[in-house]
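Give me coordinates for this.
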Amino acid sequence: MKDDRLLEMRVFRTVVEAGGFTAAANVLGASQPFISQVVTSLEQRLGVTLLHRSTRMHRLTSEGERYLVLCREVLDGLEAAEAQIRSSEPAGDLRISVPHAFGMDQIVPVLPGFCAAYPKLRVHVSLSDSNVNLIEDNFDVAIRMGRLQDSTLRSRKICDLQRVVVAAPSYLDAHGRPVTPQGLARHRCLLWEPPRDHLNHWPFLVNGKVEKLHVQGGLHSTDGTTLFQLCVAGMGIMRLAEHLAVPAIRRGQLVRLLPEYEAKDDTAIHAVYLPERQLVPRVRAFVDHVVEAFREPPWMKANRPS
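Okay, the predicted model is just below:
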């Protein structure tokens with residue numbers, strides 16, 4: 001059953017404090033007819049007139065004056081209750097789902113500092129490349145890479161996500177180096193299984209336009225860490241996230257390919273959580289900690305000249 005009483009209270013109080021329906025509409029970012037309808041519906045439900053209306057002004061009735069006092073008590077109490085929850089120390093169980101490779105490589109290293117800052121938290125980390133259902137699988141927060149699909153979740157961007165084409169020196173010694181995207185047809189590429197097989201369409205910048213190439217290969221996996229290890233072992237060419245690619249290139253384990261054709265990804269890494277949990281201290285503390293940790297991604301810091 002839909003309950004609009006808090007909405008009605010907020011609208012009524014704003015009409016009184018702002019000085020009219022149009023002013024209240026501007027404050028609340030709503031239309032004037034909507035504001036008027038809310039107040040009318042409120043009066044009909046209560047069976048009293050709260051405001052005497054005229055073309056020039058609005059005046060509270062005695063019932064309206066009493067209701068305004070009650071509105072302020074209820075709404076101020078609600079704000080105080082939420083402020084108390086927001087300001088309380090994070091405690092209890094925090095359940096996090098993270099993609100396997102990014103979790104092991106990037107999230108796990110930031111957990112010691114997070115746990116030290118919030119000793120009353122019990123942190124449960126699940127590493128999986130599957131998109132978990134936060135409600136059904138009982139998670140507070142999930143880290144998602146790429147485009148977000150579920151618009152019902154709240155999200156905060158952690159950092160940009162860029163992938164680059166790489167191969168091990170041993171693979172290039174044995175099979176040669178592709179000089180154009182079309183040359184990948186003669187090479188073995190490492191591929192994702194469904195539901196991430198859309199990542200097997202590699203974007204390239206050709207003549208100023210982005211073109212997607214569906215690559216082929218004999219090795220497939222649902223796990224990013226497995227594909228990365230196969231790539232380092234010289235088993236094929238891969239389009240790999242920078243957090244793994246950049247350090248491996250620096251170590252000499254991988255070589256960046258086709259940089260002149262590289263297309264910039266318009267995707268990112270996000271923390272997602274349920275709308276009703278956005279103010280829960282344990283969720284807010286973790287998301288804030290991760291966002292701050294990746295304000296400048298660690299793999300890019302190592303590239304910066306000292």
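
only C-alpha atoms for contact and neighbour calcs from this point on.
Fine.

Now the element after the longest helix along the chain, going C-ward?
Taking DSSP state H as the criterion, the chain has its longest helix at helix 62-87. Remark: after helix 62-87, the chain's next helix or strand is strand 92-98, criterion DSSP states H and E.

just checking, what packs against whichever helix or strand comes after that next one?
Sequence order places helix 100-102 as the next helix or strand after strand 92-98, per DSSP H and E. Helices and strands touching helix 100-102, by 3 or more C-alpha pairs under 8 Å, 6 or more residues apart in numbering; DSSP states H and E, are helix 224-232.

Sketch out the helices for the stretch 1-150 of the chain, chain order is fine.
5-18, 21-28, 32-46, 62-87, 100-102, 108-117 (DSSP state H, counting those that start in this stretch).

Among those helices, which comes closest to residue 180?
helix 100-102 (28.4 Å; C-alpha to C-alpha).

Mean confidence (pLDDT) on that closest one, please.
For helix 100-102, the mean per-residue pLDDT is 92.

What helices and strands are in contact with the longest helix of the chain?
helix 5-18, helix 281-293.

between it and helix 5-18, how many degrees?
110 degrees (axes from the mean of the first three to the mean of the last three C-alpha atoms, to 10 degrees).

thought residue 258 was touching residue 179?
Yes: under the criterion of C-alpha atoms under 8 Å, residue 258 makes contact with residue 179 at 6.5 Å.

more neighbours, these two?
Using other C-alpha atoms under 10 Å, the more surrounded residue of residue 258 and residue 179 is residue 258, with 16 against 13.

Which segments of this protein make up each domain?
5-87, 92-160+267-301, 163-261 (automatic domain parsing).

Least reliable of those domains by average pLDDT, please.
Among the domains of the chain, domain 5-87 scores lowest, with a mean of 86.

quick check, distance from that domain to the centre of its chain.
34 Å (C-alpha atoms, centre = their mean, to the nearest Å).

Spell out the residue ranges of the strands in the stretch 151-300 of the chain.
154-161, 163-167, 190-192, 201-206, 209-214, 219-221, 238-241, 255-256, 267-273 (DSSP state E, counting those that start in this stretch).

Quick one: closest of the ones you listed to residue 290.
strand 154-161 (7.0 Å).

tilt between the closest one and helix 281-293?
Using the same axes, to 10 degrees, strand 154-161 lies at 20 degrees relative to helix 281-293.

what packs against strand 154-161?
strand 267-273, helix 281-293.

ok so, going back, save the helices and strands packed on helix 62-87 as JSON lines, and put in distance to residue 141 and mean neighbour count too.
Output for the helices and strands packed on helix 62-87, formatted as JSON lines (distance: least, C-alpha to C-alpha, whole Å; neighbours: other C-alpha atoms under 10 Å):
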{"stretch": "helix 5-18", "distance to residue 141": "28", "mean neighbour count": "18"}
{"stretch": "helix 281-293", "distance to residue 141": "7", "mean neighbour count": "18"}
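
Need those in JSON lines (columns: distance to residue 155).
Output for the helices and strands packed on helix 62-87, formatted as JSON lines (distance: least, C-alpha to C-alpha, whole Å):
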{"stretch": "helix 5-18", "distance to residue 155": "25"}
{"stretch": "helix 281-293", "distance to residue 155": "9"}
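
ok now do residue 89, which residues does it touch?
281, 282 (C-alpha atoms under 8 Å, 6 or more residues apart in numbering).

try it again with 6 Å
Residues near residue 89 by C-alpha atoms under 6 Å, 6 or more residues apart in numbering: none.

same check, this time on residue 67
No residues are in contact with residue 67 under the rule C-alpha under 6 Å, 6+ apart.

Please apply the same query to residue 233.
By C-alpha under 6 Å, 6+ apart, residue 233 has no neighbours at all.

Of the strands of the stretch 151-300 of the chain, which is nearest residue 90?
Here strand 267-273 is closest among the strands of the stretch 151-300 of the chain (C-alpha to C-alpha), at 16.1 Å.
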